[in-house]
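K.L.:
Starting from these lines, generate the structure:
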Amino acid sequence: MHPETNRYNEAQSPADRGLCSLLAGEIECALPEAENKLWHGHPVWFLDGNPVVGYSKLKRCVRLLFWSGQSFPTPRLQPEGKFKAAEARNVASAQVDIGRLGLWLVEAREIQWDYRNLV
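P.N.:
Residues are numbered from 1 along each chain as shown. Now for the predicted structure:
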């Protein structure tokens with residue numbers, strides 16, 4: 001994991017720190033080949049230069065974002081933005097469905113809109 005991602009996680013409140021660390025660990029485990037860096041101030045993982053998953057602290061939750069998530073067959077992601085992104089919002093580590101997260105991470109590798117070359 002990128003040192004900036006660790007610093008981002010450490011800067012959160014204790015409850016949010018645990019949630020961010022959980023998400024980062026699951027993403028790293030499922031996508032070990034992905035490049036991780038802070039992008040627009042938030043941890044994001046890229047496959048071949050294409051953003052696939054990331055998270056950010058919002059006022060009342062941590063948002064997990066999949067750039068191509070609207071195309072995933074596994075349910076419970078909510079559309080976000082004007083392209084194909086979708087999100088899940090969590091307020092505590094206990095809310096994270098690890099099994100579903102694992103399916104979304106497999107789908108993130110397999111289903112990718114080409115954001116890198118989007119004009």
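
K.L.:
F83 is in what secondary structure piece?
P.N.:
Assignment of secondary structure by DSSP states H and E places F83 within no helix or strand.

K.L.:
Pop out the phi and psi values for it.
P.N.:
phi -100, psi -130 (degrees, to the nearest 10).

K.L.:
which residues sit in contact with W39?
P.N.:
The contact partners of W39, by Cβ atoms under 8 Å, 6 or more residues apart in numbering, come to P51, G54. Yep, even glycine has a C-beta here, placed from its N, CA and C like the rest.

K.L.:
Assign the spatially most central residue of the chain to helix, strand or coil.
P.N.:
With distances taken as Cα atoms, centre = their mean, G54 lies nearest the centre of the chain, 2.8 Å away. Counting by DSSP: H, G, I helix; E, B strand; the rest coil, the backbone at G54 sits in strand.

K.L.:
show me what contacts it?
P.N.:
Counted by Cβ under 8 Å, 6+ apart, G54 has contacts W39, H42, P43, V44, W45, L64, L65.

K.L.:
run the last query once more with 7 Å
P.N.:
With contacts defined as Cβ atoms under 7 Å, 6 or more residues apart in numbering, G54 is in contact with W39, H42, P43, V44, W45, L65.

K.L.:
Which helix or strand contains E28?
P.N.:
Applying DSSP H and E, one finds E28 within helix 14-30.

K.L.:
ignore the last one, F46
P.N.:
Here F46 is assigned to strand 42-47, by DSSP H and E.

K.L.:
hmm, who's touching that strand?
P.N.:
Taking Cβ under 7 Å, 6+ apart as the rule, strand 42-47 contacts 5, 8, 24, 27, 31, 34-37, 51-56, 109, 112.

K.L.:
again, only this time at 6 Å
P.N.:
T5, Y8, I27, L31, A34, E35, N36, P51, V52, V53, G54, S56 (Cβ atoms under 6 Å, 6 or more residues apart in numbering).
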